[in-house]
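K.L.:
here is a sequence together with a model predicted from it:
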Amino acid sequence: MGNNELRGTGKLEAINLTKKYEDGVLALNNVSFRVEPGEIFAMLGGNGAGKTTAINLFLNFIEPTEGEARIAGFISHKKPLQAKKHVAYVSENVMLYPNFTALQNLDYFARLGTEKKFTRDDYRKVLLRVGLQESAHNKRLKDFSKGMRQKCGIAIAILKDAPCILLDEPTSGLDPQAGFEFLQLLNTLREEGKAILMSTHDIFRAKEIANTIAIMDRGNLVMQRSRQELADANLEELYMQYMAA
């Protein structure tokens, strides 16, 4: 299938994706998977498993040794600018400006990331949508909790309205209430047809929200199963079995 057929579908694809560093470390080994529009794909695995490497390859932060990462049909290391137009990214530690208010951060990054024109009311509505109370909209981010900063990061991603979303450990450090609200928001974005790729250590939240769960170990994709296939399985036991193999 050619790029012209794939563009605009909002699909994420890893095709024989491999990353080997100059020191010989094989960070990702011939990994292939696909995330369709309206799906959440969760990658589980310990530190060094290859989850963040995969996301960094999609974002063209690093280039693959072999294979391709495609965003809406665009090969990320060959057409990086076109690929990035179709994706929004939220990292574990959202890098925003601590001396800016929530509204100022949204305005700044919205201007950087899209040509669309937004009003102050647009920013207010999206912050409310992600669960940030109105009393916090004009407060500086240096006084925000991690959960509040994550909400700002997601709000910026929503404003971009990209068909694909990449999330690197998005629930790390969130309290139970913030984690629950985050999953509710992800479910809404899935219903809007977004293709969502998420790396996480959180087995229980992954099983609750994801359409497909993959387990990564030492750069290898060692398991990939649908929610239906895991319905009667003990995912924690499965995870430990693969980690011990």
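P.N.:
Good, I have the coordinates.
K.L.:
all strands of this structure, in order?
P.N.:
Along the chain, the segments classed as strands by DSSP state E run 12-20, 26-35, 39-44, 66-71, 74-75, 87-90, 164-168, 195-200, 212-217, 220-226.
K.L.:
give me the neighbour count for Val25.
P.N.:
When neighbours are defined as other CB atoms under 10 Å, Val25 has 10 of them. In short, each C-beta sits where N, CA and C put it, glycine included.
K.L.:
domains for this structure, by residue range?
P.N.:
In terms of domains, the chain is parsed into 1-86+164-245, 92-161 (source: automatic domain parsing).
K.L.:
now the end-to-end length of the last one.
P.N.:
Looking at domain 92-161, the gap from its leading to its trailing residue is 20 Å under the measure CA to CA, to the nearest Å.
K.L.:
returning to what we had before: just put the strands of the chain in CSV and tack on distance to Gly147.
P.N.:
Formatted as CSV, these follow (distance: least, CB to CB, whole Å):
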stretch, distance to Gly147
strand 12-20, 26
strand 26-35, 25
strand 39-44, 20
strand 66-71, 28
strand 74-75, 33
strand 87-90, 13
strand 164-168, 14
strand 195-200, 15
strand 212-217, 24
strand 220-226, 30
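K.L.:
looking at those strands, which is buried most?
P.N.:
Each of these was scored by mean neighbour count; the highest is strand 195-200, a mean of 26, by mean count of other CB atoms under 10 Å.
K.L.:
what's it packed up against?
P.N.:
With contacts taken as 3 or more CB pairs under 8 Å, 6 or more residues apart in numbering; DSSP states H and E, strand 195-200 sits against strand 26-35, strand 39-44, helix 51-58, strand 164-168, helix 176-191.
K.L.:
where among those is the average confidence lowest?
P.N.:
Mean pLDDT is lowest for helix 176-191 among those, at a mean of 87.
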